[in-house]
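Engineer: whatever this is, show me its structure:
(one chain, ligands or ions: 1)
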Amino acid sequence: MSKRWNQERKEDPYYQKAKKEDYRSRASYKLLQLNKKFKIIRKGDRILDLGAAPGGWSQVALEAVGEEGLVVAVDLQRIRPFEEENFLAIKGDFTTTPIKEDIMEALEGQAAVILSDASPKLSGIKDVDQIRSMDLFLAVMDMCDSNLRYNGSLIMKVFQGPQYPEILQTVKKKFRTIKTTKPPSSRKKSVEMYFVARGFRGSPRSG
Ligand SMILES: C[S@@+](CC[C@H](N)C(=O)[O-])C[C@H]1O[C@@H](n2cnc3c(N)ncnc32)[C@H](O)[C@@H]1O
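Structural biologist: Numbering: from 1, shown residues only. Down below sits the predicted model:
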């Protein structure tokens, strides 16, 4: 990482707040702000957190679901475990069959909420990155079909770009309501946006 990046990070109020309040990442505040506004996660919920490392969103989800809930977190990177027993981490690529199987096993049923803060690994080549971004989005949709309960919710990061209208249309078909939002802790210069989608219509596979 560059010297400038490091300096900007240290001066970032959410980075400092996360350090002070013992959150694993500044990203925690994005989910805290989204959940405060839209009230998506409830006590006792089963949550699937995709692209979860280092675990900032999982930490917020664990607080929100309490002891009765469950958080299953997946990332290519290892996620350090939490003390809570109702937290399960899976290391691997959620677009692949073995990891999809591990997720189903860990969830032991359908999730009330799927979270995805996953970002594709960028190559810097526009066409390649758009394909990677679309593949990741489609994998999240696939996760909803396999693991989200009827009427469940999705909070997902998306990037504004040429594929954005197609992505929005796809989510609209699957969910009854969708809000596009950018929480205050999301950096203004970042093209990331968040979808908060509610009322999952159910998997087409279940007929
Ligand atoms: C912005 S970070 C997530 C931060 C996290 N929400 C937090 O609060 O700590 C995005 C993550 O997505 C993960 N990721 C991207 N593609 C993935 C995939 N196919 N399978 C699993 N994880 C993936 C990356 O490894 C990266 O750790």
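Engineer: any idea how many residues pack against residue 115?
Structural biologist: 29 (other Cβ atoms under 10 Å). Where C-beta positions appear, they are placed from N, C-alpha and C, glycine not excepted.
Engineer: so where is the chain shaky, pLDDT-wise?
Structural biologist: Scanning the chain for pLDDT under 70 picks out the ranges 1, 206-207.
Engineer: which stretches of it form strands?
Structural biologist: Along the chain, counting by DSSP state E, strands occupy 46-50, 70-75, 87-91, 111-116, 148-159, 175-181, 192-200.
Engineer: listing partners with orientation, what would you give for the last one?
Structural biologist: Sheet pairing of strand 192-200 (DSSP bridges) gives strand 148-159 (antiparallel), strand 175-181 (antiparallel).
Engineer: before we move on, what about the first one?
Structural biologist: For strand 46-50, sheet partners with direction are given as strand 70-75 (parallel), strand 111-116 (parallel), following DSSP bridges.
Engineer: distance to residue 184 for these - can I get that in CSV?
Structural biologist: Below are the strands paired with strand 46-50 laid out as CSV (distance: least, Cβ to Cβ, whole Å):
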stretch, distance to residue 184
strand 70-75, 24
strand 111-116, 18
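Engineer: out of those strands, which is closest to residue 198?
Structural biologist: Nearest to residue 198, of all those, is strand 111-116, at 9.7 Å by Cβ to Cβ.
Engineer: re the thing from before, to residue 133, which of the strands of the chain lies closest?
Structural biologist: strand 148-159 (6.0 Å).
Engineer: what's the burial count for residue 182?
Structural biologist: So residue 182, with other Cβ under 10 Å, has 17 neighbours.
Engineer: for the closest residue to it other than its chain neighbours, give me its contacts.
Structural biologist: The shortest distance from residue 182 to any non-neighbouring residue, by Cβ to Cβ, 6 or more residues apart in numbering, is to residue 193 (5.5 Å). The contact partners of residue 193, taken as Cβ atoms under 8 Å, 6 or more residues apart in numbering, are 157, 158, 159, 160, 180, 181, 182, 186.
Engineer: list the buried residues of the longest helix seen in the chain.
Structural biologist: Taking DSSP state H as the assignment, the helix of the chain that covers the most residues is helix 126-147. The neighbour-count check on helix 126-147 (16 or more other Cβ atoms under 10 Å) flags 129, 132-134, 136-137, 139-141, 143-144, 146-147 as buried.
Engineer: could you dump the residues you listed to TSV with distance to residue 67?
Structural biologist: Shown next, in TSV, are the buried residues of helix 126-147 (distance: Cβ to Cβ, whole Å):
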residue	distance to residue 67
129	41
132	38
133	37
134	38
136	32
137	33
139	30
140	28
141	31
143	25
144	26
146	26
147	22
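Engineer: intersect these with the contacts of the ligand.
Structural biologist: residue 136 (Cβ under 6 Å from any ligand atom).
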